[in-house]
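J.: Kindly return the folded structure for what I paste below:
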Amino acid sequence: MNELAPGREFFERAVLPRAAESAVLRPIVFVALGRREHAWATDRLVAEVDGADPTTVAAAAGALVGIGDFTVVPRMLAAMRAAVRPDVRSAIESAVEDLVGIDRPGADSASWESWWEQNRKHYDREK
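T.: Predicted structure coming up:
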């Protein structure tokens, strides 16, 4: 079945250019990228977490959870700190909770950053 799964070349050549032009398609594509074998898309997804559209942010953040690379946590926390909209901040916070496997409802970004500094040593590079 893996032979049928689209790889990096297909995504970069055919899918991502179209997703860049479509606010409807973008979150769908990001959900599809939420697998370990798409770790090559991590930087692109992190850049989208800095966005203002809650649907796109949630999809990109969720994809990062699926990839499972803990090195993105500091960048996600920075995006959470910078988020102006509460729904965007909440989407990022939910993804960070899913990625690290703990619930900290309502914790502000400074509290999360402090927690991460104290606990990052317990997390491997990947989930």
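
J.: which residues of the chain score low on pLDDT?
T.: Counting by pLDDT under 70, the ranges of the chain that qualify are 1-5, 124-127.

J.: if I look at Glu37, how far off is Arg13?
T.: Distance of Glu37 to Arg13, computed by Cβ to Cβ, to the nearest Å: 17 Å. (Each C-beta comes from the backbone N, C-alpha and C, glycine too.)

J.: which of those two has more neighbours?
T.: More neighbours surround Glu37 than the other of Glu37 and Arg13, with 12 against 9 (other Cβ atoms under 10 Å).

J.: Check the secondary structure at that one for me.
T.: At Glu37 the chain is in helix, as set by DSSP: H, G, I helix; E, B strand; the rest coil.

J.: All the strands of the chain, residue numbers only.
T.: In the chain, no strands are defined using DSSP state E.

J.: Do I have it right that Ala52 meets Val84?
T.: Yes: if you go by Cβ atoms under 8 Å, Ala52 and Val84 touch, sitting 7.2 Å apart.

J.: Have a look at those two and say which one is more surrounded.
T.: More crowded of Ala52 and Val84, by other Cβ under 10 Å: Ala52, with 10 against 7.

J.: Phi and psi next, for the more buried one.
T.: Main-chain dihedrals, Ala52, degrees, to the nearest 10: phi -110, psi -10.

J.: ok, it to Ile102 distance?
T.: Per Cβ to Cβ, Ala52 is found 27 Å from Ile102.

J.: How about Arg13?
T.: Applying Cβ to Cβ to Arg13 and Ile102 gives a distance of 38 Å.

J.: what's the neighbour count on Trp112?
T.: Neighbour count of Trp112, defined by other Cβ under 10 Å: 21.

J.: ok, now which ones touch Leu33?
T.: 11, 41, 45, 63, 66-67 (Cβ atoms under 8 Å, 6 or more residues apart in numbering).

J.: Try it again at 10 Å.
T.: 8, 11, 15-16, 19, 39-42, 44-45, 59-60, 62-64, 66-67 (Cβ atoms under 10 Å, 6 or more residues apart in numbering).

J.: Next: Asp87.
T.: 53-55, 57-58.
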